[in-house]
Each structure stands twice: as structure tokens, then as C-alpha cells.
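S.K.: 3D, please:
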Amino acid sequence: MTNTQVSHTPATPPQPRARHVADDVELALVLASTSPGGEAADVVRERLRGYVRAYAGAAEARARGLADGRERDIALRGVAHARAVAADPVHDPAAHLRLLAMGARMVLRYGSEGGGGVR
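M.R.: Predicted structure coming up:
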């Protein structure tokens, strides 16, 4: 008997849903105030980094297409900052979680289809 099951692994993982990002943003903000150096915070921190990586390219592309120069500049600087925070080592765990949460929220806003629903 031959096994006909085939395992399919996408080349890139699917983008997370906006609700998952929003939940992790809220969780990160709570953890930043309560236990920013704990294991749970480390897990959320890595997920937030993943969200920034997942949405930053699309957020940058959408930002470049904005007609309003001021809004475009703010959005582009926001994407660059989110990428920088995601790449930075953690020196202040609470501040890092807060900055990652805000960065993930911002790249989702510009990078998800429909403009994102997280504010």
C-alpha cells in the first residue's frame, strides 16, 4: 500500500490576521507594564518582530503611493522605525515591547489589505 499524503509547506508563511496582531499588541502593552523580561514577553516580542517583517514591505509600498507628501513621509519613517526596532537587541525590555507593539500596529495599518483595521 502506498501513502498518497503529500505535505505542503508554503515558501512563505501566510500573513497573520489583523485580529491576531491586535491581540498581541494589547498583550505586549500589558506585559510591558507587568513583566517585560519574562518568558511570555519574549514569545510576544518574537511574534511582533514577525508581524513587522510580514507587513513592512507592503506597508512601505502603500506609503510610497500616498498622495499627501506629509502623510507619505510620516508613514515611510514609521515603517523604517518599526524595522529598526524589530532588528534591535533588547536593552530596555519594557520600552522595546512598547515600541514593537506600536511598530506592528503601524505596519499592519498600512500593510494589510484594505488598509488594516488596527488603530
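S.K.: CA only for contacts and neighbour counts going forward, please
M.R.: Fine.
S.K.: Tell me where the model's unsure across the protein.
M.R.: For the chain, residues meeting the criterion pLDDT under 70 lie at 1-16, 113-119.
S.K.: Which residue ranges of it form helices?
M.R.: Under the criterion DSSP state H, helices of the chain are mapped to 18-34, 39-64, 69-87, 93-111.
S.K.: For the first one, what is the distance to the chain centroid?
M.R.: Spelled out, it's helix 18-34. Between the centre of helix 18-34 and the centre of its chain there are 11 Å (C-alpha atoms, centre = their mean, to the nearest Å).
S.K.: try stretch 52-65
M.R.: Offset of stretch 52-65 from its chain centre (C-alpha atoms, centre = their mean): 11 Å.
S.K.: cool, and stretch 95-107?
M.R.: Distance, centroid of stretch 95-107 to centroid of chain: 7 Å (C-alpha atoms, centre = their mean).
S.K.: what's the answer for stretch 49-68, then?
M.R.: In terms of C-alpha atoms, centre = their mean, the centre of stretch 49-68 is found 10 Å from the chain centre.
S.K.: what comes into contact with that stretch?
M.R.: With contacts defined as C-alpha atoms under 8 Å, 6 or more residues apart in numbering, stretch 49-68 is touched by 15-16, 21, 72-73, 75-76, 79, 82-83, 86-87, 100, 103-104, 107-112.
S.K.: likewise stretch 25-33?
M.R.: In this structure, residues lying in contact with stretch 25-33 by C-alpha under 8 Å, 6+ apart are 41, 44-45, 48, 93-95, 97-98, 101-102, 104-105.
S.K.: Emit the ChimeraX select command for whichever of the residues you listed are buried.
M.R.: Paste this into ChimeraX to select the buried members of the contacts of stretch 25-33, with burial taken from 16 or more other C-alpha atoms under 10 Å:
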select :41,44,45,48,93,94,97,98,101,102,104,105
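S.K.: hang on, the earlier thing: so which of the helices of the chain is the most packed in?
M.R.: helix 93-111 (a mean of 24; mean count of other C-alpha atoms under 10 Å).
S.K.: Using PDB, write out every CA atom in that one.
M.R.: Extracted in PDB, the C-alpha atoms of helix 93-111 (Å, rounded to 0.1, in the frame of the first residue of the first chain):
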ATOM      1  CA  PRO A  93      12.500  45.200  27.800                       C
ATOM      2  CA  ALA A  94       9.500  47.400  28.600                       C
ATOM      3  CA  ALA A  95      10.400  50.100  26.100                       C
ATOM      4  CA  HIS A  96      11.200  47.600  23.500                       C
ATOM      5  CA  LEU A  97       7.900  45.800  23.800                       C
ATOM      6  CA  ARG A  98       6.000  49.100  23.600                       C
ATOM      7  CA  LEU A  99       7.900  50.200  20.500                       C
ATOM      8  CA  LEU A 100       7.500  46.800  18.800                       C
ATOM      9  CA  ALA A 101       3.800  46.900  19.600                       C
ATOM     10  CA  MET A 102       3.400  50.400  18.100                       C
ATOM     11  CA  GLY A 103       5.500  49.400  15.100                       C
ATOM     12  CA  ALA A 104       3.500  46.300  14.400                       C
ATOM     13  CA  ARG A 105       0.300  48.300  14.700                       C
ATOM     14  CA  MET A 106       1.600  50.900  12.200                       C
ATOM     15  CA  VAL A 107       2.900  48.400   9.600                       C
ATOM     16  CA  LEU A 108      -0.400  46.500   9.800                       C
ATOM     17  CA  ARG A 109      -2.300  49.700   9.300                       C
ATOM     18  CA  TYR A 110      -0.500  50.400   6.000                       C
ATOM     19  CA  GLY A 111       0.500  46.900   5.000                       C
END
